[in-house]
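*Asks:* the amino acid sequence is not available; the structure is as follows:
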């Protein structure tokens, strides 16, 4: 007799439950989220004043400024100390991956250089001018010029970035 597996004899792969009512408190007490009323959207949707629509905002931490094309010349090219520029995009996985490392760099090297971020999608002129082909791209500028051999593309570990920055800062004699 040949073996023939039957679907009805197999155990289920998962159990499906239907919940008709549930009491869920959001956010959990361990999660801290701050909400800002988004009154403009409330007006557009014609919602009553008692209704509050939260707006979440993502900001750079650790003193990392996000600049645009109009601020680039003043912030980077005319800076009196080296500036590490990180070209990023919100949709870029490796950019999000190295974000904590860049915050560490801003804290650790804060006395020797400035760290700024530039959004790839919002600043096409800078992307074209500096030929940014991969994300994230890190470029060190000093005295309005790109430091030779400073460009790095893609994700990088904390230790590799530390070695890279230490060598660059030593080569441009920043103590």
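*Replies:* Sure thing, it's come through. From a predicted model like this one, the values you see are computed outputs, not experimental measurements.
*Asks:* which stretches of this structure have low pLDDT?
*Replies:* Applying pLDDT under 70 to the chain picks out residues 1-63, 174-175.
*Asks:* helices of that one, start to end?
*Replies:* With DSSP state H, the ranges of helices along the chain come out as 39-44, 69-72, 93-108, 124-129, 158-171.
*Asks:* for the fourth one, name the packing helices and strands.
*Replies:* What that stands for is helix 124-129. Helices and strands touching helix 124-129, by 3 or more C-beta pairs under 8 Å, 6 or more residues apart in numbering; DSSP states H and E, are helix 69-72. C-beta here means a position set from N, CA and C on the backbone, and glycine is covered the same way.
*Asks:* and the second one, by the same measure?
*Replies:* For helix 69-72, the elements it packs on are helix 124-129, judged by 3+ C-beta pairs under 8 Å, 6+ apart.
*Asks:* contacts for the helix it packs on, please.
*Replies:* 69, 72, 87, 118, 120, 132 (C-beta atoms under 8 Å, 6 or more residues apart in numbering).
*Asks:* rerun at 10 Å
*Replies:* With C-beta atoms under 10 Å, 6 or more residues apart in numbering as the test, helix 124-129 has contacts from 67-69, 72, 76, 85, 87, 89, 118-121, 123, 132-133, 135, 137.
*Asks:* ok, back up a step: looking at the helices of the chain, which is buried most?
*Replies:* Mean neighbours per residue, mean count of other C-beta atoms under 10 Å, is largest over the helices of the chain for helix 93-108, with a mean of 17.
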